[in-house]
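>>> next come a sequence and a model predicted from it.
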Amino acid sequence: MQTTSHFIGLKLKIGILSDLFVRLQTVLGDDFTALEFQNILSLYITLFYLPKELSSREINKIREILPNLSVSSLDSGLQGLEYFWNIDTQKLCCLIPNATQLTVWNALLRKTFPEYLHISDNSYPVFVPHITLFKIRNGDIFHLMCEALEFIIKEEIEKLSSVNIYESVGIFAVNSKFHPEIQVELL
């Protein structure tokens, strides 16, 4: 795979979240001009971004850290829905997990890899763990279906408020030139 960057993140249990995507797609029908779904086969939460190229020293450093990041220590579930603007000024619709431990892990990774704090997604003033559901392509069309979509999302958040959605912690290679973006777990 052609890699554009790497990140350390949490792979999510696709089966648990797939019903949400199916329900959202039924609202859209065949019209995907309003939004672009996140790749359902690549659901994740980013903990820390890494560059396109990684040295063997960096990979070994990550291998040493990963055992300290156990999904069994995480609070289960989802707590809400948020919209974010990314660097391309596209609006993102995201699920917000219960995140106390994720913030601690981000701080550990920031301390371990200070040389990558300049990467744009690592330089935000506050770390906000999130699961991207979709990018809004056309705000006018999205506005017409927003209420129906948000109703479904909020129902699913309630169902998943105490469910463990985390599969594993790992390092991922990313190809952001493909849409929707592809992430492949390496470790």
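In hand now; what should we look at?

>>> elements contacting the lowest-mean-pLDDT helix or strand in the chain?
The helix or strand of the chain with the poorest confidence is strand 182-185; it has a mean of 72 (mean pLDDT, DSSP states H and E). In terms of contact count using 3 or more C-beta pairs under 8 Å, 6 or more residues apart in numbering; DSSP states H and E, strand 182-185 is assigned the packing partners strand 5-12, strand 166-175. No exception for glycine: its C-beta is placed from N, CA and C like everyone else's.

>>> now do the longest one against strand 5-12, angle only.
When you say that, I think you mean strand 166-175. Relative orientation of strand 166-175 versus strand 5-12 (axes from the mean of the first three to the mean of the last three C-alpha atoms, to 10 degrees): 150 degrees.

>>> which of the helices and strands packed on strand 182-185 has the lowest average pLDDT?
Mean pLDDT values for the helices and strands packed on strand 182-185 show the minimum at strand 166-175, a mean of 87.

>>> all helices for this protein, in order.
14-28, 56-65, 100-112, 139-159 (DSSP state H).

>>> for these, give me CSV that also has distance to residue 126, mean pLDDT and mean neighbour count.
Listed next are the helices of the chain as CSV, based on distance: least, C-beta to C-beta, whole Å; pLDDT from 0 to 100; neighbours: other C-beta atoms under 10 Å:
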stretch, distance to residue 126, mean pLDDT, mean neighbour count
helix 14-28, 25, 90, 15
helix 56-65, 22, 90, 13
helix 100-112, 9, 93, 16
helix 139-159, 21, 92, 14
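
>>> would you mind saying which of those helices lies nearest residue 171?
Residue 171 lies closest to helix 56-65 among the helices of the chain, at 5.4 Å (C-beta to C-beta).

>>> convert the C-alpha atoms of the least confident helix or strand of the chain to PDB, please.
The C-alpha coordinates for strand 182-185 follow below in PDB (Å, rounded to 0.1, in the frame of the first residue of the first chain):
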ATOM      1  CA  ILE A 182      -7.700   3.500   3.900                       C
ATOM      2  CA  GLN A 183      -5.900   2.500   7.200                       C
ATOM      3  CA  VAL A 184      -4.100  -0.800   7.600                       C
ATOM      4  CA  GLU A 185      -3.000  -2.100  11.000                       C
END
